[in-house]
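Engineer: Fold the following and give me the result.
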Amino acid sequence: MDLSLSEDQKMIKETAATFVKKESPVERMRKLRDTPLGYDAAVYREMGELGWLGLPLPEAVGGFGGDMVDAAILLEEFGKTLVPEPFLASVVLGGMSVVHGGTEAQQKELLGPMVEGESVLALAWAERDSRYDVGAVATTAEKAGDAWKLRGEKVWVLGGQAADHFIVSAKTGAGLSLFSVAKGAAGLDVTTVKTMDGQKAARIRLEGAEGHLLGEEGAALPALEHTLDKAAAAACAEGVGVSQTVLWMTVEYLKTRKQFGVPIGVFQALQHRAVDMFVQAELLKGTSILANTIAGDQDLDARRSAVSAAKAQLSTSGFFVVAQGVQLHGGVGVTDEHDVSLYFKRMRVLMALFGDEAHHVARYMNQPSFTAGVRAES
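Structural biologist: The predicted structure is shown next:
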């Protein structure tokens, strides 16, 4: 498997690296976290103009026709400065749910404006009792003429505070289905909630809100599962950027912070800690690359195994790096004023999104390739 970047991908990486360094330092996220949107709509539109919002989307809707590796390149750079714009929420979650669940006409209608940065999509799938089971849905949809009436509640809707369209999972007589619900629809109530990392999400209530069926009725489960696999791989890519930055920040701190008249980085015990951080960051990067490389694979065993391995590694390696970063910074590391605490919080959120460590370890163990190996050994 050739894991080297193409010339186009190298250009994407260079452009994104320059953008986050000059246009989106961490200070920008600090200022935006207390605004109603939590991000800058003008920057989101600029991302559309740069073609970033269409990177993993089909050319038929104005996208680049790329894959999750292209999206991962961006997300890794975004993680380095905690870029708050809803790329993960709108492009990966909202966009991919439409790609996998909608018709070609619906894809053009919903994805075209998003690719240009003119609209935000939000996938509303999680419920209070669903945990990480996309099929555990209490929300219902009943046919009403040419449309459907949806009733239920969705929680932790990423990007929901700014969404122009919600992609909602609901049960019908035929099974789990996807619906698009427009912002401002009668019977739709949206409540903005703050997340622990300073970003925002929403809780939505549907009390007879009008929705339009996406794709085929009762066929949403595979589309949702594939979308969330891609989102989990994307979270790992962002986590790579977070861990690499915390590693760099910590090494620089060890070089400059003095104790007993010398930089604390001269102490071998702390050097060993930094080396351990480097090893864990590289482990996370390797599993993230593999997960994003095959996130679009139709081989369920291979896809789920790679994604779950990467997500579990995020919880292990990602947490180790940010926790060590906070500890090695000492007391200042736990204050909101220091950037390392912001990276710690973002990593904790990424660890929980789309399945935590326990969820993905259990899923990995249930894959045919794993259980076959266990049977062979026994």
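Engineer: what ranges do the helices span in this structure?
Structural biologist: Assigned helices in the chain, in chain order: 7-22, 26-32, 41-49, 68-81, 96-101, 104-115, 220-256, 268-293, 300-313, 319-329, 339-352, 357-365, 368-377 (criterion: DSSP state H).
Engineer: which one of these lies closest to residue 201?
Structural biologist: Residue 201 sits nearest to helix 339-352 of all the helices of the chain, at 9.8 Å, using Cβ to Cβ. C-beta: built from backbone N, CA, C; applies to glycine.
Engineer: Give me the contacts around that closest one.
Structural biologist: Helix 339-352 is contacted by residues 26, 29-30, 79, 82, 195-199, 235-236, 238-239, 242-243, 245-246, 249-250, 314-315, 318-319, 321-323, 325-326, 329, 333-336, 357 when judged by Cβ atoms under 8 Å, 6 or more residues apart in numbering.
Engineer: now the helices of the chain in a markdown table, with mean neighbour count, mean pLDDT and distance to residue 140?
Structural biologist: As requested, the helices of the chain are exported to a markdown table (neighbours: other Cβ atoms under 10 Å; pLDDT from 0 to 100; distance: least, Cβ to Cβ, whole Å):
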| stretch | mean neighbour count | mean pLDDT | distance to residue 140 |
| --- | --- | --- | --- |
| helix 7-22 | 15 | 92 | 42 |
| helix 26-32 | 16 | 94 | 36 |
| helix 41-49 | 16 | 96 | 33 |
| helix 68-81 | 26 | 96 | 32 |
| helix 96-101 | 26 | 96 | 18 |
| helix 104-115 | 19 | 96 | 21 |
| helix 220-256 | 23 | 95 | 13 |
| helix 268-293 | 18 | 94 | 34 |
| helix 300-313 | 22 | 95 | 28 |
| helix 319-329 | 22 | 94 | 38 |
| helix 339-352 | 21 | 96 | 27 |
| helix 357-365 | 17 | 95 | 26 |
| helix 368-377 | 10 | 67 | 33 |
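Engineer: Pipe those helices into a markdown table and attach distance to residue 178 per row.
Structural biologist: Shown next, in a markdown table, are the helices of the chain (distance: least, Cβ to Cβ, whole Å):
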| stretch | distance to residue 178 |
| --- | --- |
| helix 7-22 | 30 |
| helix 26-32 | 30 |
| helix 41-49 | 24 |
| helix 68-81 | 20 |
| helix 96-101 | 4 |
| helix 104-115 | 10 |
| helix 220-256 | 4 |
| helix 268-293 | 24 |
| helix 300-313 | 19 |
| helix 319-329 | 33 |
| helix 339-352 | 24 |
| helix 357-365 | 22 |
| helix 368-377 | 27 |
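Engineer: Show me this protein divided up by domain.
Structural biologist: Residue ranges for each domain of the chain read 7-119, 122-218, 222-377, as given by automatic domain parsing.
Engineer: and the shortest one, what's its mean pLDDT?
Structural biologist: Okay, so that is domain 122-218. Mean pLDDT, domain 122-218: 96.
Engineer: Next, the distance between the ends of it.
Structural biologist: Using Cα to Cα, to the nearest Å, one end of domain 122-218 lies 20 Å from the other.
Engineer: Just give me how far it sits from the chain centre.
Structural biologist: 18 Å (Cα atoms, centre = their mean, to the nearest Å).
Engineer: The last one too?
Structural biologist: Between the centre of domain 222-377 and the centre of its host chain there is 13 Å, according to Cα atoms, centre = their mean.
Engineer: again with the first one
Structural biologist: Centre-to-centre, domain 7-119 and its host chain are 11 Å apart (Cα atoms, centre = their mean).
Engineer: Next, give phi and psi for the closest residue in space to residue 44 that isn't next to it in sequence.
Structural biologist: Counting by Cβ to Cβ, 6 or more residues apart in numbering, residue 44 lies nearest to residue 85, which is 4.8 Å off, once chain neighbours are set aside. Main-chain dihedrals, residue 85, degrees, to the nearest 10: phi -60, psi 150.
Engineer: Residue 85 contacts residue 40, doesn't it?
Structural biologist: Yes: in this structure, residue 85 is within contact of residue 40 by Cβ atoms under 8 Å, at 7.0 Å.
Engineer: So for these two, which sits in the more crowded spot?
Structural biologist: Neighbours per residue (other Cβ atoms under 10 Å) separate residue 85 from residue 40, with residue 85 holding more: 28 against 18.
Engineer: Distance of the more buried one relative to residue 117?
Structural biologist: 9 Å (Cβ to Cβ, to the nearest Å).
Engineer: From residue 89, how far out is the closest residue to residue 96 other than its chain neighbours?
Structural biologist: Distance criterion Cβ to Cβ, 6+ apart; nearest residue to residue 96, sequence neighbours excluded, is residue 227 at 4.4 Å. Separation of residue 227 from residue 89 (Cβ to Cβ) stands at 12 Å.
Engineer: Kindly report the same for residue 60.
Structural biologist: Residue 60 is 23 Å from residue 89, where distance means Cβ to Cβ.
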